[in-house]
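Colleague: let me see the structure of the following:
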Amino acid sequence: MIVIVECAIYMQSAGQTGPQPVFEAKPSIYLAPSKENYLELAGEMETTLRRDVLGVWFPRAIDNDNGGFYSNFTRQWQRTKSDGKFSVFQGRMTWLAAQIVMKRPDLKDQFLPVISHGLDYLTNVMWDKQYGGFFWGLDDEGRITERYTDGKHLYGISF
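Modeller: I've put the predicted structure just below:
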């Protein structure tokens, strides 16, 4: 109701008058839990996972030049200026690839190299070889900078 009132106020302030749209409430349809309903929902979720998550992030996010994964994209999935590489995102992408290998055997050959790529970056770049722990963030070339310092955050290390 609040949204309808706000739309009406906006239309009046913009000089638009006239009949206001009438919104009719439609009854909700409740589907009782059943094996068929769950299987249908599972199929929809599997399609969404493969098309809208895996299909857009991989291999697009893989940085083959500097290692690790890119994280900045436009709504059209074009890469944008990087903010560097952060331990949390690098860990999440590696973990996601590992989950796919374990739970989607048909994608194993596609995602095993992604796991290796992520582990290599986490181990050889994000890990502080002198004092231990994962750096919170590094620039794209894996360097400590004034912006990212040599800081480590418990949240980042937990991944």
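Colleague: at which residues are the strands of the chain located?
Modeller: In the chain, the strands defined using DSSP state E lie at 85-86, 137-138.
Colleague: export those strands as JSON lines, with columns for mean neighbour count and distance to Asp109.
Modeller: For the C-beta atoms, the positions are set from N, CA and C on the backbone; glycine is no exception. JSON lines is the format used below for those (neighbours: other Cβ atoms under 10 Å; distance: least, Cβ to Cβ, whole Å):
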{"stretch": "strand 85-86", "mean neighbour count": "24", "distance to Asp109": "26"}
{"stretch": "strand 137-138", "mean neighbour count": "23", "distance to Asp109": "30"}
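Colleague: what would those strands look like in CSV with distance to Tyr121?
Modeller: Below are the strands of the chain laid out as CSV (distance: least, Cβ to Cβ, whole Å):
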stretch, distance to Tyr121
strand 85-86, 8
strand 137-138, 10
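Colleague: remind me, longest helix of the chain?
Modeller: For the chain, the longest helix by residue count, based on DSSP state H, is helix 87-103.
Colleague: pull the residues that contact that helix.
Modeller: 54, 57-58, 61, 68-69, 71, 107-108, 111-112, 114-115, 118-119, 121-122, 126, 134-137, 153, 155-157, 159 (Cβ atoms under 8 Å, 6 or more residues apart in numbering).
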